[in-house]
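> make a model of this:
(one chain, ligands or ions: 1)
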Amino acid sequence: MPGTADADVCVIGAGYAGLAAARRLAAAGKTVLVLEARDRVGGRIWTHRLSDGTPIDRGGAWLAPQHDAIFSLARELGVSTYRTWVKGAHLLIGDGRTRRYTGLIPKISPMAVATIAIAQFRLDRAARKVPLEAPWTATRAAEWDAETVASYLSRTRISSTIGRDLYDMAVRGLFAADLNEVSLLHLLFLVHAHGSINTLFSIEGGSQENMVDGGAGSVAQRIADELGDAVRLNEPVRSIALRDDRVDVSTAVGSVSARHAIVAVPPATATDIEFVPALPGDRMDLLRLAVGGMETKTMLIYDEPFWRADGLSGQTAEPNSAAEVTLDGSPSSGTPGVLASFTFGRVAWRLDALEEGERKRAVLDAVSARLGPRGAAPAAFIETSWWHEPWSRGCSMAHLPTGAITRYGALLRQPVDRIHWAGTETSTISHGSIDGAVRSGERAAAEILDRS
Ligand SMILES: Cc1cc2nc3c(=O)[nH]c(=O)nc-3n(C[C@H](O)[C@H](O)[C@H](O)COP(=O)(O)OP(=O)(O)OC[C@H]3O[C@@H](n4cnc5c(N)ncnc54)[C@H](O)[C@@H]3O)c2cc1C
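Purely as a prediction, here's the structure:
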């Protein structure tokens, strides 16, 4: 839409944070315009339709039972959820063996299980000491923010190789990063923000318990439908200028003059926006240090979830392989069969460096070795390497290196004049997840409503 449009609030980014903010402001009677760079809403949630219309989630997909904010939005908008398939045996591959197990604990040595339990207990205990609203004020914040997660894990003394590999992979999966580049304080904060490390790792009772009928993007799409013309797609924001009592937001095709702006984009893409006047140096430092992780999510589509008939859940793990973790991501109807396969951090990067055909073969070999020959012949193979997505540049969320939270953490949500900040990176409860994004948008909307 060429020319200049007026609004009370201009929201930059139509992910869950931006959309939740816009919905809350519109409900309070404010005029809102949402500017979105992509040709779709949802951001790191990307519900893709197969040729028969089946929705599959190329990005975030799962909701924990504790995710009240997104559950309440889903209920209000008439979107239902269902339980992730967990029946059958899970598989853990490593040390040259395949272990079948049910429940939470793989059949590794009792000593390895005990040492993992101790490591988790210690992590949870330290995490509870990190205040969610202000992690930098924890009594041991300076010490924890000076150590990397990799260094911390090397001190956990898990007793077997497979136990160590499994635990390292699970933690690496949270940030999808090289754990030498992540502050321990960030891990402790993340764990507290989700209740416990087991909540983050688990299906039942945890972060992978529920899926959304119609795909995780359905709620976003319904908010966008409600907002109608107030959501403008294909309009990457190039500059945000503070002028007297207005904020002027410019895109390639036009501009918006608003009383307030909410920046609801990942930190990496925020650094590409020109701010006038320039953002304070420490704020820019924070945005530059908050880097998204490297994760590839590959969706394998089969006529049916054939592994279920073989007594398998579809949940498998093989640390450092081309399919480090797989989960059953089939729709509630059970057709088609959808297997979601993940690689994280350096493993994702290594796999990504292969030529396309080789990469596909590596993933299919890994899957068929676990689930049988039918695993080698999916009807569709859809991969997304999230750090190559120009409007996301990493996932699931940005991670912070040592020193960043204690130095700059207080700036994460602090408005710069009339510019407010949302996005899962700014959330406290459910940090890094869809629920955290929704909460952050609602918080930014409340800040503006309080000011006006
Ligand atoms: C592979 C993967 C798996 C995940 N799994 C889960 C999961 O199972 N459960 C869960 O809860 N979370 C999961 N997440 C994390 C979850 O997706 C995110 O926390 C959440 O979607 C972030 O929402 P957001 O609104 O903060 O940011 P985003 O979704 O990134 O939204 C930001 C929006 O801003 C737009 N934008 C960027 N720059 C500009 C610009 N200059 N101008 C205009 N628009 C711009 C982007 O296009 C995007 O639409 C996963 C993420 C990924 C990628």
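> let me know the pLDDT of the closest residue to residue 60 other than its chain neighbours.
Once flanking residues are discounted, residue 60 sits nearest to residue 45: 4.9 Å by CB to CB, 6 or more residues apart in numbering. All C-beta atoms are positioned from the backbone trio N, CA, C, and that covers glycine. We have a pLDDT of 98 for residue 45.
> how about the one 4 residues further on?
According to the model's per-residue confidence, residue 49 sits at a pLDDT of 96.
> close to the ligand: what parts of the chain are there?
12-18, 35-38, 43-45, 59-62, 236-237, 264-266, 269, 273, 295, 297, 386, 391-392, 395-397, 423-424, 432-435, 437 (CB under 6 Å from any ligand atom).
> now, the residues you listed that are in helices?
16-18, 269, 434-435, 437 (DSSP state H).
> between those, which is nearest residue 103?
Distance to residue 103 across those (CB to CB) is lowest for residue 435, with 25.6 Å.
> can I see the domain layout of this structure?
4-44+217-279+416-451, 47-86+207-215+295-388, 109-193 (automatic domain parsing).
> what average pLDDT does stretch 438-452 get?
Model confidence over stretch 438-452, given as mean pLDDT, is 96.
> in what element of secondary structure is the nearest residue to residue 180 once chain neighbours are set aside found?
Spatially, and ignoring its direct neighbours in sequence, residue 180 is nearest to residue 150 (4.4 Å; CB to CB, 6+ apart). Taking DSSP states H and E as the criterion, residue 150 maps to helix 149-154.
> tell me which residue lies farthest from the centre of this protein.
residue 244 (36.4 Å; CA atoms, centre = their mean).
> measure it to residue 418 for me?
Distance, residue 244 to residue 418, using CB to CB, to the nearest Å: 10 Å.
> same thing with residue 258?
8 Å.
> follow-up on the earlier one: which of the domains of the chain is buried the deepest?
Counting by mean count of other CB atoms under 10 Å, domain 4-44+217-279+416-451 has the highest mean neighbour count of the domains of the chain, with a mean of 22.
> what about it, start to end distance?
For domain 4-44+217-279+416-451, the first-to-last residue distance is 24 Å (CA to CA, to the nearest Å).
> the stretch 251-400 of the chain: helices as residue ranges?
Taking DSSP state H, counting those that start in this stretch as the criterion, the stretch 251-400 of the chain carries its helices at 267-270, 281-289, 345-352, 356-371.
> in the stretch 101-250 of the chain, what residue lies closest to the ligand?
With CB to the nearest ligand atom as the measure, residue 237 is the residue of the stretch 101-250 of the chain nearest to the ligand, at 3.7 Å.
> what about that residue, distance to residue 32?
Distance check for residue 237 against residue 32: by CB to CB, it reads 15 Å.
> quick revisit: any idea how many residues pack against the residue nearest to residue 60?
Counted with other CB atoms under 10 Å, residues neighbouring residue 45 total 24.
> so what's it up against?
By CB atoms under 8 Å, 6 or more residues apart in numbering, the residues touching residue 45 are 15-16, 57, 59-61, 216-217, 220, 434.
> hmm, try it at 7 Å
The contact partners of residue 45, taken as CB atoms under 7 Å, 6 or more residues apart in numbering, are 16, 59-60, 216-217, 220, 434.
> which among the residues you listed gets closest to residue 77?
Distances from residue 77 to those, taken by CB to CB, are shortest for residue 220, at 9.6 Å.
> quick check, that closest one in contact with residue 40.
No: using CB atoms under 7 Å as the test, residue 220 is too far from residue 40 to be in contact (9.0 Å).
> which residue ranges of the stretch 301-450 of the chain form strands?
Using DSSP state E, counting those that start in this stretch, the strands of the stretch 301-450 of the chain run over residues 312-317, 325-328, 337-344, 380-385, 395-399, 419-421.
> contact partners of the third one?
Applying CB under 7 Å, 6+ apart, the external contacts of strand 337-344 come out as 56, 172-173, 176, 295-306, 314, 322-330, 351, 363, 367.
> a markdown table please, covering the domains of the chain and showing distance to residue 287.
Converted to a markdown table, the domains of the chain look like this (distance: least, CB to CB, whole Å):
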| stretch | distance to residue 287 |
| --- | --- |
| domain 4-44+217-279+416-451 | 4 |
| domain 47-86+207-215+295-388 | 17 |
| domain 109-193 | 15 |
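> residue 101: which of these is closest?
Closest approach to residue 101 among the domains of the chain is made by domain 47-86+207-215+295-388 (9.9 Å; CB to CB).
> and for the helix or strand where residue 249 lies, what are the contacting residues?
Following DSSP H and E, one finds residue 249 within strand 246-251. The contact list for strand 246-251 (CB under 7 Å, 6+ apart) reads 10, 12, 35, 235-241, 255-261, 418-419.
> got the CA coordinates for it in PDB?
The C-alpha trace of strand 246-251 is given here as PDB (Å, rounded to 0.1, in the frame of the first residue of the first chain):
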ATOM      1  CA  ARG A 246       5.200  10.300  16.500                       C
ATOM      2  CA  VAL A 247       7.000   7.200  15.200                       C
ATOM      3  CA  ASP A 248       7.500   7.000  11.400                       C
ATOM      4  CA  VAL A 249       7.900   3.500  10.100                       C
ATOM      5  CA  SER A 250       9.000   3.000   6.500                       C
ATOM      6  CA  THR A 251       8.900   0.000   4.200                       C
END
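> adjacent strands (with direction) for that strand?
strand 237-243 (antiparallel), strand 255-263 (antiparallel) (DSSP bridges).
> closest to residue 6 out of the ones you listed?
strand 255-263 (5.4 Å).
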